[in-house]
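**Student:** following is a predicted model, sequence given first.
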Amino acid sequence: MGSNQAAVSFLTNFARAAFGIGAAATVLNASMYTVDGGERAVIFDRIRGVLDKTVEEGTHFIVPWLQKPFIYDIRMKPHTFSSVSGTKDLQMVNLTLRVLSKPKVDKLPEIYQRLGLEYDEKVLPSIGNEVLKAVVAQFNADELLTERPQVSEFVRNSLTQRARDFNIELSDVAITHLSYGTEFSRAVEQKQVAQQEAERSRYVVMKADQRGAPR
């Protein structure tokens, strides 16, 4: 009888100890988080709100329930988006823009408050489309082809400035695709053919004049 009571008591104490260890492990796990390389964390505190200072790489402690970390990737990431814009002479042009972006590290708390974790997906397509339309509207359709480096520079400068308003840094802003509707493309092709024919005719005339000139 006594041995049975001892066994029951032992099992009860063991269960309590196991429960205590499990609870402690759960609390400890909830109190720790890791910021990997190329990342930073923003801490939301239920009492103080979003903390001003970002957290660097490593393993850190927080107060469970009271605090929560939000992890940001601070490395350059590629983004590609397209726009259909109207030129100065009312031709529609399809453009694809590629950019590399990253957040300003010291502004991450502000980025979280204004835009959340998906800040780049919310901002870049919108301002990219806005900038492309504004720049393309300054050029005629044929100028977009002949002055493409200048167009790209205008887009790069304007988009970089707009992104700064949202604490986003850009690099490698480039137009990777530019095309027109079928009718305009056909008109451009016919114009190029006509110019080539004109050049060929001038060459023939010049040769004929050289043969007929007195020696």
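**Tutor:** Thanks, I have it.
**Student:** which secondary element of this protein has the worst mean pLDDT?
**Tutor:** helix 2-30 (a mean of 53; mean pLDDT, DSSP states H and E).
**Student:** next SSE downstream of that one?
**Tutor:** In the C-terminal direction, the helix or strand that comes right after helix 2-30 (DSSP states H and E) is strand 32-35.
**Student:** packing partners of the helix or strand following that following strand?
**Tutor:** Note on strand 32-35: by DSSP H and E, the next helix or strand toward the C-terminus is strand 39-45. Counting contacts by 3 or more C-beta pairs under 8 Å, 6 or more residues apart in numbering; DSSP states H and E, strand 39-45 is packed against strand 49-50, strand 67-73, helix 108-115. The C-beta positions use only the backbone N, C-alpha and C, and glycine is treated the same way.
**Student:** does the residue positioned nearest the centre of the chain have beta-bridge partners, and which?
**Tutor:** Averaging the C-alpha coordinates of the chain gives a centre point, and the residue nearest to it by C-alpha atoms, centre = their mean is residue 79 (4.2 Å). On the basis of DSSP bridges, residue 79 takes part in beta bridges with residue 99.
**Student:** list the contacts for it?
**Tutor:** Under the criterion of C-beta atoms under 8 Å, 6 or more residues apart in numbering, the contact list for residue 79 reads 98-101, 120, 124-125.
**Student:** tell me the one of those nearest residue 196?
**Tutor:** In terms of C-beta to C-beta, no member of those lies closer to residue 196 than residue 98, at 33.0 Å.
**Student:** can you give me the neighbour number for the closest one?
**Tutor:** Using other C-beta atoms under 10 Å, residue 98 is surrounded by 15 other residues.
**Student:** for the nearest residue to residue 167 once chain neighbours are set aside, give its distance to residue 162.
**Tutor:** Nearest non-adjacent residue to residue 167, counting by C-beta to C-beta, 6 or more residues apart in numbering: residue 107, 3.8 Å away. Distance check for residue 107 against residue 162: by C-beta to C-beta, to the nearest Å, it reads 15 Å.
**Student:** comparing those two, which shows the higher neighbour count?
**Tutor:** The neighbour comparison of residue 107 against residue 162 (other C-beta under 10 Å) goes to residue 162, with 19 against 15.
**Student:** make sure the more buried one is indeed in a helix.
**Tutor:** Yes: note on residue 162: a helix contains this position according to DSSP: H, G, I helix; E, B strand; the rest coil.
**Student:** hmm, back to that, got the contacts of residue 79 as TSV, with pLDDT and distance to residue 45 columns?
**Tutor:** As requested, the contacts of residue 79 are arranged in TSV below (pLDDT from 0 to 100; distance: C-beta to C-beta, whole Å):
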residue	pLDDT	distance to residue 45
98	95	38
99	96	34
100	97	33
101	97	28
120	94	25
124	95	29
125	94	32
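**Student:** among the residues you listed, which pair sits farthest apart?
**Tutor:** Across the contacts of residue 79, no pair lies farther apart than 100 and 125, at 15.0 Å, counting by C-beta to C-beta.
**Student:** any weak-confidence spans in this protein?
**Tutor:** Filtered on pLDDT under 70, the chain yields the residue ranges 1-30, 182-194, 198, 201, 203-205, 207-209, 211-215.
**Student:** and it, what are its domain boundaries?
**Tutor:** When the chain is parsed into structural domains using the TED database, the resulting residue ranges are 1-73, 77-180.
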